[in-house]
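# Compute the structure for the input listed below.
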Amino acid sequence: MDQAALLKTILHELNDGVIVCDPDARITLFNPAAEDLFDRSHLLSRGQSLYNLFYQPPVDQALDFLEYQHNLGNQSEPLPYIQFIDKTIGSGQYFRCRVSFLSSSSGSKNSFVLIFEDISAWYTPENPLLIKIEEFRAPMTNLRAAVENLTEYPEMSPVMRSAFENVLVQETLNLTESFKSLARSCNIVMQSRNHLTELNTEVLFSYVTHHLSNKKIPVSSSPAKTISVKVDIYGLLLILDYLVARILQRSTANGLSFEAHFGEQFVFMDFIWPGEFITPGSVKALLGKKLEHSLGEMTIASILHAMEGDIWSQQHTSKKNMYRLALPIALRTGG
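Numbering: from 1, shown residues only. Purely as a prediction, here's the structure:
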């Protein structure tokens, strides 16, 4: 049996949809499961563009990241695939997707394979469980930001510090436990984190630097260590792009910079610029913003929730303000 016949046999047995594309995203091969998922649409046929079926930006972003990491000279074992969520054109279906190159050669465009499963039954932007979870987010964000400020400003008087700490520590513990319990239940029902990709921070910071450098934004990152984080790459870049646009409405490009570094439990990504302090109310409104190119007009809060991340504002130094985006360090299992 030749390779082409063997590949067709394997694809036929898979329950997930599989589409193979050439470097220009033209369909070259697909399996019966893909035909079933698209109700045997004439758009799923050889020579047709993949983007007649799938919303293009998430696929492009995943392919761009794969190409970027393959071109990094210091990456001995690049990720074999990227996971993300995408939607169909017109029919309202949502899919959990994995995309990978058929070959790992760099310097030229590669053919690729897309594996996908229908998640429309549980992935809905207005899912009531997500809405309920967001009720916890505002107080948790305010408390976390307050704790961060207490940590970074040791000159606060002992009496004031003690009063703040007694309230903040207790409320943070109470809210955090309630939120974790609800989030666990939600994740069991919706499997909402299964589309995330686990990256080491060296690759993530490098890719974010590459992305923001194209916008002429100065970037610095901590080289102290390499750890793992689970991210929705497409959603994360949508948020970063929105924050850049929002800040530039209030400031000038010359005053804006970006820093990526580590905390005890989180990876931090900070946008810093001259300006007045952003109030908690403004941050709450920011979290409720629906992003134009997200899947199903998801809010910033919903995208962050899937990564168990958060965002708040605080003063960086005199006359400088900061948005801090925090992503949890991935837990290691075993050993």
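
# going forward, measure contacts and count neighbours with C-alpha atoms only.
Noted.

# Just give the nearest non-adjacent residue to the spatially most central residue of the chain, would you?
Nearest to the mean C-alpha position of the chain, counting by C-alpha atoms, centre = their mean, stands Asp232 at 2.4 Å. In space, and not counting its chain neighbours, Asp232 is closest to Leu196: 5.0 Å by C-alpha to C-alpha, 6 or more residues apart in numbering.

# Look up how far Ile278 lies from Pro218.
For Pro218, the distance to Ile278 equals 21 Å [C-alpha to C-alpha, to the nearest Å].

# Check Val99 too.
39 Å.

# now do Ala326
17 Å.

# Who has more neighbours out of the two?
Ala326 (23 against 15; other C-alpha atoms under 10 Å).

# Neighbours of Glu41, how many?
Just so we're on the same page, residue 41 is Ser rather than Glu. Neighbour tally, Ser41, other C-alpha under 10 Å: 12.

# which residues sit in contact with the residue nearest to it when sequence neighbours are not counted?
Leaving aside its sequence neighbours, Ser41 sits nearest to Glu35 (C-alpha to C-alpha, 6+ apart; 7.2 Å). With contact taken as C-alpha atoms under 8 Å, 6 or more residues apart in numbering, Glu35 is in contact with Gly17, Ser41, Leu44.

# and Glu35, that one's in a strand?
No - under DSSP: H, G, I helix; E, B strand; the rest coil, Glu35 sits outside any strand and is assigned helix.

# Distance of it relative to Phe116?
From Glu35 to Phe116 the distance is 12 Å (C-alpha to C-alpha).

# Give me the common contacts of those two.
Each of Gly17 lies in contact with both Glu35 and Phe116 under the rule C-alpha under 8 Å, 6+ apart.

# State the number of residues packed around the spatially closest residue to Ser220 that is not a sequence neighbour.
Excluding its sequence neighbours, the residue lying closest to Ser220 (C-alpha to C-alpha, 6+ apart) is Glu259, at 4.9 Å. Glu259: 17 surrounding residues under other C-alpha under 10 Å.

# wait, doesn't Ile272 sit right on Ser257?
Yes - judged on C-alpha atoms under 8 Å, Ile272 makes contact with Ser257 at a distance of 5.3 Å.

# Who are the contact partners of Ile27?
Ile19, Val20, Cys21, Leu44, Ser45, Arg46, Gly47, Gln48, Ser49, Leu50.

# Residues contacting stretch 220-234, please?
Outside stretch 220-234, the residues that reach it (C-alpha under 8 Å, 6+ apart) are 58, 61-62, 83-84, 195-202, 205, 209, 258-262, 267, 303, 306-307, 327-330.

# Quick one, which of those residues are buried?
Taking 16 or more other C-alpha atoms under 10 Å as the criterion, what is buried in those is 58, 61-62, 83-84, 195-202, 205, 209, 258-262, 267, 303, 306-307, 327-330.
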